[in-house]
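Peer 1: Just the structure for this:
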Amino acid sequence: MDFTFSEDQLLFQESVRDFLVNEVTPEKIRESWESETGRSPELWAQLAELGLTGITVPEALGGLGMSALDFVLLAQECGYVALPEPLVHTALVAVPLLTDIGGELAAQWLPKIASGEARVVVGLSQNLLVEDAHTADLILLQQGDDIHALTPGQFNLRHNESVDPSRKLYAVEATASNIVCSDVAVITACLNRGALGNAAQALGLAQRMVDLAVQYTSERNQFGKPIGSFQAVKHHMANVAVQLEYAKAPVHRAAYAVANDLNSASENVSHAKVVACEAANLAAKNCIQVHGAMGYTWEVDLHIFMKKAWALANSWGDAGFHKNRINDFILRADTPLGAGNTFLN
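Peer 2: Residues are numbered from 1 along each chain as shown. Purely as a prediction, here's the structure:
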């Protein structure tokens, strides 16, 4: 059985990586921190032109009609550059939720998302703060077991600071009622996709932090040789590399489960979120350590990726939430455990 990604998927990943690395530099991210919205309409237009804002929008509504499995590699690349724009949120959360809701709401908003004309964000009870609510043309907000569709003028916002300057977080207070969905299963699927997006980005963030640390330790000399040649430094990087490699399969498995609506999707996503964020947190810890005193300065680019990793680890369900879901799954009487059940749905 072949579990590898297709050649087309890998080529798409490579082309998106090349674009993002060239366009989303640490210098541009720092510049965005000083702007009024923290977002770039020009970059968003470029992402739309490449078809990325509509990648999961059905073809009949102007998109590419692709799945979470097709997008997961691209989400990793978004993490690798610490993309401030809400592309992962759009493709994995907002668009699928609108598709699940369907009807006139989906027909109205999905073509606009695909063309880059509209930004739609989702706020669930699991996340007390909604990212990018200040630029949203539509907010899909959970209240109890209901999802409300709110446009500007139907909600109030209160800004909250984040450890990651690129994240623009807001408490949203609805001033109108417009229930468009009351299906708990749809809300659970939405939460899973948000957690999957964070897990995939965590993989990219961890890899970027390792790359930055390797570059720094190959250039920084001590006792007449690069510090990267010292065994203790090598061990720090090797520990991250091993944990990162072992986190990839659960994330890709979770993407498959979400894309194919498997019964195990919640458990698969929680597993992926835990291991990917643990790998990113270890990368942050070890990479800042090998940077030494330089690692604690604001000017070092490592901060950009480290702080985003910390922020993503605690959104769309923190470690405690996802470990509890895994625990509940393992301890169920009917859970099929053991090597012979590894590839069961």
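
Peer 1: Going along the chain, name the strands of this structure.
Peer 2: Along the chain, counting by DSSP state E, strands occupy 120-123, 130-131, 138-143, 146-150, 155-160, 169-174, 179-181, 221-222, 225-226.

Peer 1: Tell me which of those is the most buried.
Peer 2: Among the strands of the chain, the stretch with the highest mean neighbour count (mean count of other CB atoms under 10 Å) is strand 120-123, at a mean of 24. Any C-beta I mention is one placed from the backbone N, CA and C, and that applies to glycine too.

Peer 1: tell me what it is packed against?
Peer 2: helix 95-101, strand 130-131, strand 138-143 (3 or more CB pairs under 8 Å, 6 or more residues apart in numbering; DSSP states H and E).

Peer 1: Distance from the chain centre to that strand, please.
Peer 2: Taking CA atoms, centre = their mean, to the nearest Å, the mean C-alpha location of strand 120-123 is offset from the chain mean by 14 Å.

Peer 1: Touching it from outside, list them.
Peer 2: Contact partners of strand 120-123, identified using CB atoms under 8 Å, 6 or more residues apart in numbering, comprise 86, 89-90, 93-95, 97-98, 109, 113, 130-133, 136-142, 172, 190, 194.

Peer 1: and the strands of the chain, which one's lowest on average pLDDT?
Peer 2: If you rank the strands of the chain by mean pLDDT, strand 221-222 sits at the bottom with a mean of 61.

Peer 1: need the longest helix for the chain.
Peer 2: helix 184-219 (DSSP state H).

Peer 1: which parts of that one are buried?
Peer 2: For helix 184-219, burial by neighbour count (16 or more other CB atoms under 10 Å) applies to 187, 189-210, 212-214, 216-217.

Peer 1: Just give the nearest non-adjacent residue to Cys277, would you?
Peer 2: Ala313 (4.0 Å; CB to CB, 6 or more residues apart in numbering).

Peer 1: same thing with Ser67?
Peer 2: Ala259 (4.0 Å).

Peer 1: Go ahead and confirm that neighbour touches Thr56.
Peer 2: No: applying CB atoms under 8 Å as the test, Ala259 and Thr56 come out as separate, 9.8 Å apart.

Peer 1: Contacts only, for the residue lying closest to Tyr296 once chain neighbours are set aside.
Peer 2: What sits nearest to Tyr296 in space, not counting adjacent residues and going by CB to CB, 6+ apart, is Ile288, at 7.1 Å. Ile288 is in contact with Gly295, Tyr296, Leu302, Met306, counting by CB under 8 Å, 6+ apart.

Peer 1: pLDDT value on Ile288, please?
Peer 2: pLDDT at Ile288 comes out at 91.

Peer 1: swap in Thr217?
Peer 2: pLDDT at Thr217 comes out at 72.

Peer 1: Does it touch Val290 like I think?
Peer 2: Yes: contact status for Thr217 versus Val290: in contact at 5.6 Å, counting by CB under 8 Å.

Peer 1: Distance of Tyr246 relative to Ser182?
Peer 2: 39 Å (CB to CB, to the nearest Å).

Peer 1: ok, Trp298 - how many residues close by?
Peer 2: Neighbourhood size, Trp298 [other CB atoms under 10 Å]: 6.

Peer 1: so who does it touch?
Peer 2: Contacts of Trp298 (CB under 8 Å, 6+ apart): none.
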